[in-house]
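Colleague: Sequence and predicted structure, then a few things I'm wondering about:
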Amino acid sequence: MPGGSLLIFVGHVSVDKIRNVWGERVQLGGAALYAALGAKTIHENVKLVTAVGRDFKHISFLHSNFPGSKIKVVNMPTSKFTISYTEAFRARYVGVEVGAGAAIKVSDLPQPWIREGNLIHLAPMRPPKVERFIERIRAQSPRVWVSMHTSPDYLEVPEYRRVLRRLASRVDLFVVNDHEALTLTGAGSLIHAIQTLKARRLAVTLGQIGAIIVEEGKLQLIPALSGLTPTPKDTTGAGDVWCGALLAAYLQTGDWVRAVAAACTLSALKCMGWGFEKIVNLRFKDLDELTLHVLRLREDRAQRTLREFVG
C-alpha cells in the first residue's frame, strides 16, 4: 500500500473523567482521537473527521496534530465520558454524554478523500450511522478500504447487534475484542464466535495475549509483546490505539504479523501513562525504529532497577 495514502478516522473526540487505582483525572479522549494518535506514530498522513462543542478548549491541539482535518464546531456540549476502572482495570461507563458527537454526519466526510488508495476507519458510533457512512463510501468508490471497530455500549441493544453483524461482512476489516465477539454472536466459546462472524477480514484482540487475524478462512494467532506494562497506569483508549497502529503498520508493510506486533506494542506503551501522554510525541519512520525504541525503554528500566538495588 502506498505511503502517501490518507488514513482517515471518523468518530468521537471527547473530554473524559477517569477513575482508577492511581487516582482521578480529566483528560482529552475519544475513540477516533486515540486511534488517530496511534496511527500518527507510524504514518504521517492522518486526518480526523469529528465534531466538538464551543466549550472545547483543545482545537489547536487537534489542528496541529492533524492539519487539514474536518473538525466541526457545533452549538452543543463536547462529548463527555466518565469511566471507572476496577483494580483489574475493567471499565465501567458511569456517565455518557454524547453531545457534539451526535452532530457527526455522513456529509462531513470530504468527498475527495473517498478514493481508492486511502483508508477510512469508522470508530465507535451508533451502528445505524456507521452503516450510512459505509453505504456512502461504497456508493462513491467501492474499492476504498474501510475498517471499523465498536464499543460494548452498542452491543447492549439487540437491533444494534444485528446491524453490526451485517456490517462485519461489508467492511474490509472488522475489529472486536474477545468479549465483544462473544456478546455480538451469543456464542458459548470464542472459537464458535469467530466461526459465526461472517467478515471479509476479522481481527479479535486478546489483551496481553495478542490477537487473532482471520483472513480468507485462515485463522492466525499473533502473540503480543508481554511484560512491557506489568502495571498499567491508564488503559483508556488502549483498544483504539491498537486499531490505529494496526492500520498504519499494515499500510506501511502489508504484513499482518508485523502490524499486529506493532499495534500491541504501541497499545502497551500508551498504557504506561495517563491518556495518550506516552505516545503523543512518538514518530517512527518504520517499524524497526519502534522496535529500537522499546529496546531502549527496556535497557533504561533495567539500569534504573540496578541503581535502585545498589542504592
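Modeller: All right, it came through fine.
Colleague: Which neighbouring residues are in contact with R138, exactly?
Modeller: When contacts are counted by CB atoms under 8 Å, 6 or more residues apart in numbering, R138 is found next to 144, 146, 170. In short, each C-beta sits where N, CA and C put it, glycine included.
Colleague: Which pLDDT does the model give the residue positioned nearest the centre of the chain?
Modeller: Taking CA atoms, centre = their mean as the criterion, D240 is the residue nearest the geometric centre of the chain, at 1.9 Å. We have a pLDDT of 96 for D240.
Colleague: residues touching it, list them.
Modeller: So D240 contacts 31-35, 38, 123, 149 (CB under 8 Å, 6+ apart).
Colleague: picking up where we left off before, let's have the contacts of R138 in CSV, adding secondary structure and distance to L190.
Modeller: Converted to CSV, the contacts of R138 look like this (DSSP: H, G, I helix; E, B strand; the rest coil; distance: CB to CB, whole Å):
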residue, secondary structure, distance to L190
V144, coil, 30
V146, strand, 25
R170, coil, 23
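Colleague: Closest one to G99 out of those residues, please.
Modeller: V146 (25.8 Å; CB to CB).
Colleague: How are the strands of this protein distributed by residue range?
Modeller: Applying DSSP state E to the chain gives strands spanning 7-10, 14-20, 23-29, 46-53, 70-74, 79-85, 91-97, 119-122, 145-149, 173-177, 201-205, 210-215, 218-223.
Colleague: Now mean neighbour count and mean pLDDT too, for those, in JSON lines please.
Modeller: JSON lines is the format used below for the strands of the chain (neighbours: other CB atoms under 10 Å; pLDDT from 0 to 100):
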{"stretch": "strand 7-10", "mean neighbour count": "28", "mean pLDDT": "98"}
{"stretch": "strand 14-20", "mean neighbour count": "20", "mean pLDDT": "96"}
{"stretch": "strand 23-29", "mean neighbour count": "15", "mean pLDDT": "96"}
{"stretch": "strand 46-53", "mean neighbour count": "24", "mean pLDDT": "98"}
{"stretch": "strand 70-74", "mean neighbour count": "16", "mean pLDDT": "97"}
{"stretch": "strand 79-85", "mean neighbour count": "20", "mean pLDDT": "94"}
{"stretch": "strand 91-97", "mean neighbour count": "13", "mean pLDDT": "88"}
{"stretch": "strand 119-122", "mean neighbour count": "26", "mean pLDDT": "98"}
{"stretch": "strand 145-149", "mean neighbour count": "24", "mean pLDDT": "97"}
{"stretch": "strand 173-177", "mean neighbour count": "25", "mean pLDDT": "96"}
{"stretch": "strand 201-205", "mean neighbour count": "22", "mean pLDDT": "95"}
{"stretch": "strand 210-215", "mean neighbour count": "19", "mean pLDDT": "92"}
{"stretch": "strand 218-223", "mean neighbour count": "13", "mean pLDDT": "89"}
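Colleague: Setting aside sequence neighbours, what's the nearest residue to L6?
Modeller: Distances taken as CB to CB, 6 or more residues apart in numbering place N118 nearest to L6, at 4.3 Å, with adjacent residues excluded.
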